[in-house]
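Undergrad: One predicted model, sequence on top.
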Amino acid sequence: PGSTLSRWFAMLHVVRGLARVSAGIAPRGRALMPPMTRALRATPALAAGQGSHIHRDEPGNTEDTPFEFTPESEKKLEMYLQRYPDTPQGRMSCIMPFLWVVQQQLDQAHATIKAKPSMDSYYAFDAPQGSGGWVPLAAMHAIADRLGCSRMAVYEVATFFTMYNRKRNGKFHIQLCATTPCMVCGAYDIMAAIEKHLGIKCGETTPDGLFTLTEVECLGACVNAPMIQVNDYFFEDLTPANVVTLLDNLRDGKPVKIGPQNERVNSLGPQGRTSLFGEPRGPYCRDLSQVAD
């Protein structure tokens, strides 16, 4: 028992010593060591501590920049308002969809992307879904005025969720997934190819305003890794060669194939379909039309 207790005290001493070192606190009788740091991949803005939670006035993005909802957006706002109680707290539930309506309204590039489905299960969106737009400061203020809430309440949502673009991006916003499945399948090789071809680094926009490159977390197409999302569309099974072809086609206004950029069908493996050859037999959901209100 005595020796066991001694070992525990020795381990505690080591752990405390490591904690002091990692915090930059000098061990007794030794010189102060610099804090231990860990290098992380980060965009220049985030590395400088100037992430999307900080607003800085830019041309076209100030408090005084004019912003009005279009008639089409007004219809969407009214639809969302009908979904929640007409109370201060209920109306605040509309902050998230209202912000997304703004992004949809300000996505000016969607109609210029000649998206070509690679197979019947893929389709091109008729209207912008929002990923190619952005949310200016004036739009946040318009949302706060419409909902009768504080501007800070809108700021908190817009700066917390990364799906809201707080700055105007290039015409084609390239979101490169670098989470584990994509990373081990060569995501950073794809990033290097994009950076070299466009002459920019991650987090930057090309001088002609056409492309912005952003590193993001999982986009949910892990089986077809590596992949990128450009505005509203997924492009999967990428290689350093075919991603350059994709960028050139986008720039030149040529048709681009949505989904896998190789011969893969949906997300099938090399053996093709191995299950679910017919309609599933159930169990199915009950007939909700027979349920009383």
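TA: Ah, there it is. Residues are numbered from 1 along each chain as shown.

Undergrad: and the closest residue to Ile200 other than its chain neighbours, how many residues sit next to it?
TA: Closest residue to Ile200 apart from its sequence neighbours, by C-beta to C-beta, 6 or more residues apart in numbering: Thr206 at 5.6 Å. (Each C-beta comes from the backbone N, C-alpha and C, glycine too.) Neighbourhood size, Thr206 [other C-beta atoms under 10 Å]: 16.

Undergrad: what's the answer for Tyr188, then?
TA: By other C-beta under 10 Å, neighbour count at Tyr188 equals 15.

Undergrad: now swap in the one 10 residues further on and tell me
TA: By other C-beta under 10 Å, the residues close to Leu198 number 22.

Undergrad: returning to that earlier point: let me know whether the residue nearest to Ile200 touches His197 as I believe.
TA: No - at 10.2 Å, Thr206 and His197 do not qualify as touching, with contact defined as C-beta atoms under 8 Å.

Undergrad: Overlap of the contact sets of the two?
TA: By C-beta atoms under 8 Å, 6 or more residues apart in numbering, Thr206 and His197 have no common neighbours.

Undergrad: which residues touch Pro255?
TA: With C-beta under 8 Å, 6+ apart, Pro255 has these contacts: Lys114, Ala115, Lys116, Asn249.

Undergrad: Could you pick out which of these are located in helices?
TA: Asn249 (DSSP state H).

Undergrad: Tell me which residues touch Phe172, please.
TA: Contacts of Phe172 (C-beta under 8 Å, 6+ apart): Ala109, Ile113, Gly132, Leu210, Phe211, Thr212, Val230, Asn231, Leu250, Arg251.

Undergrad: which among those end up buried?
TA: Ala109, Ile113, Gly132, Phe211, Thr212, Val230, Asn231, Leu250 (16 or more other C-beta atoms under 10 Å).

Undergrad: centre of the chain versus the strand or helix carrying the fifth one, how much separation?
TA: I take that to be Thr212. Thr212 is part of strand 211-216 when elements are defined by DSSP states H and E. Relative to its chain's centre, strand 211-216 lies at 9 Å (C-alpha atoms, centre = their mean, to the nearest Å).

Undergrad: Kindly reformat the contacts of Phe172 as TSV and extend each row with distance to Asp287 and pLDDT.
TA: TSV is the format used below for those (distance: C-beta to C-beta, whole Å; pLDDT from 0 to 100):
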residue	distance to Asp287	pLDDT
Ala109	44	81
Ile113	41	83
Gly132	40	84
Leu210	52	94
Phe211	50	95
Thr212	48	94
Val230	42	94
Asn231	40	91
Leu250	47	94
Arg251	52	94
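
Undergrad: quick one: which of the contacts of Pro255 has the most company?
TA: Ala115 (20 neighbours).

Undergrad: quick revisit: would you turn the contacts of Phe172 into TSV with distance to Ile190?
TA: Shown next, in TSV, are those (distance: C-beta to C-beta, whole Å):
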residue	distance to Ile190
Ala109	21
Ile113	19
Gly132	20
Leu210	18
Phe211	14
Thr212	16
Val230	13
Asn231	17
Leu250	15
Arg251	17
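
Undergrad: Count residues in the vicinity of Asp57, would you?
TA: 11.

Undergrad: For stretch 215-223, which outside residues touch it?
TA: Contacts of stretch 215-223 (C-beta under 8 Å, 6+ apart): 41, 43, 162, 175-179, 181-182, 191, 202-203, 227, 229, 234, 236, 267.

Undergrad: switch the cut-off to 10 Å
TA: The contact list for stretch 215-223 (C-beta atoms under 10 Å, 6 or more residues apart in numbering) reads 41-43, 46, 162-163, 174-182, 185, 187-188, 191, 202-203, 225, 227-229, 234-237, 259-260, 264, 266-269.

Undergrad: Pick out the most distant pair among the contacts of Pro255.
TA: Ala115 and Asn249 (10.9 Å; C-beta to C-beta).

Undergrad: what touches both of those two?
TA: Pro255, Val256, Lys257.

Undergrad: Show me these that map onto strands.
TA: Val256, Lys257 (DSSP state E).

Undergrad: rewinding a little: mind checking how far the residue nearest to Ile200 is from Met183?
TA: Distance, Thr206 to Met183, using C-beta to C-beta, to the nearest Å: 24 Å.

Undergrad: All set now, cheers.
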